[in-house]
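A.B. asks: here you go, sequence then predicted model.
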Amino acid sequence: MHNDVEQARFNMIEQQIRPWEVLDGTVLDLLGQVPREDFVPPQYHGLAFADLEIPLGFGQTMLSPKMEGRILQSLALQPGDKVLEIGTGSGYLTALLAKLAHEVHSVEINSDLSKIARARLQQQHIHNVSLIVGDGAQGWQAQAPYDVIVYTGGLSLPPLQAQQQLSIGGRLFAVIGHAPVMEATMIRRIDQNSFRQDVLFETCLPVLENAPEAERFAF
């Protein structure tokens, strides 16, 4: 059984993640080390390494493995980084972020999901994470500024409030737009008043709960 799991993990990296242009050795090694199967709901264990978004219950899903790899590679995390994650979900991406950064503050709107993620992170002896139950759609001002902000759900608009919570030189990853084509976007804070926005690739993510919507004009 153990060999089957390791083979499935190897296949996930070689057949899904690497072909999606995730070539950073540190990221690939980490995806090989942190046991994704321990963060998947028990009824979906057989799909732990599949190329799909696994249901977590409560209307939430887990990011696909290749998306997690691409996010980590895009952020180029440093050992001193302070990270804000919006949407803890399964806690798996939280664990990956925590292994690469100094500290992670992860906000989850659903208290049950946050509780499950806490237990999983403790099982992995990951202690540089603070889990917060709340609505992080506009970021989380309490612990700002952050070197890195990651949204794990899609947004229809750029997160203007959250980007103000970045430190100078900080970076924010979000998937912005409307299905079926959304854009994975990196927003960097250049100085106090200026930001640079780059589109990294096209993808699609389920929309973050309570994500800000554009004003709709009534005629």
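C.D. replies: Now that the structure is in, tell me what you want to look at. Numbers count the residues shown, from 1 in each chain.

A.B. asks: how about residue 201, nearest residue that isn't a chain neighbour?
C.D. replies: residue 184 (5.1 Å; Cβ to Cβ, 6 or more residues apart in numbering). Yep, even glycine has a C-beta here, placed from its N, CA and C like the rest.

A.B. asks: name the single longest strand found in the protein.
C.D. replies: strand 166-178 (DSSP state E).

A.B. asks: tell me which residue lies nearest the centroid of the chain.
C.D. replies: For the chain, the residue nearest the mean C-alpha position is residue 152 (4.2 Å; Cα atoms, centre = their mean).

A.B. asks: how about the closest residue to that one other than its chain neighbours, what does it touch?
C.D. replies: Setting aside the residues directly before and after it, residue 152 is nearest to residue 87 in space (Cβ to Cβ, 6+ apart), at 3.6 Å. Contact analysis of residue 87 by Cβ atoms under 8 Å, 6 or more residues apart in numbering lists 60, 107, 108, 109, 136, 151, 152, 153, 208.

A.B. asks: below-threshold pLDDT in this structure: ranges please.
C.D. replies: Across the chain, the ranges flagged by pLDDT under 70 are 1, 215-219.

A.B. asks: and the helices in it?
C.D. replies: 2-11, 25-33, 65-75, 92-100, 111-123, 160-163 (DSSP state H).

A.B. asks: so what touches the shortest one?
C.D. replies: Right, helix 160-163. So helix 160-163 is contacted by 84, 86, 138, 139, 149, 151, 172, 187, 189, 195 (Cβ under 8 Å, 6+ apart).

A.B. asks: can you list phi and psi of the closest residue to the second one other than its chain neighbours for me?
C.D. replies: Take residue 86 and drop its neighbours on the chain: the residue closest to it by Cβ to Cβ, 6+ apart is residue 136, 4.0 Å away. In terms of degrees, to the nearest 10, the main-chain angles of residue 136 are phi -100, psi 20.
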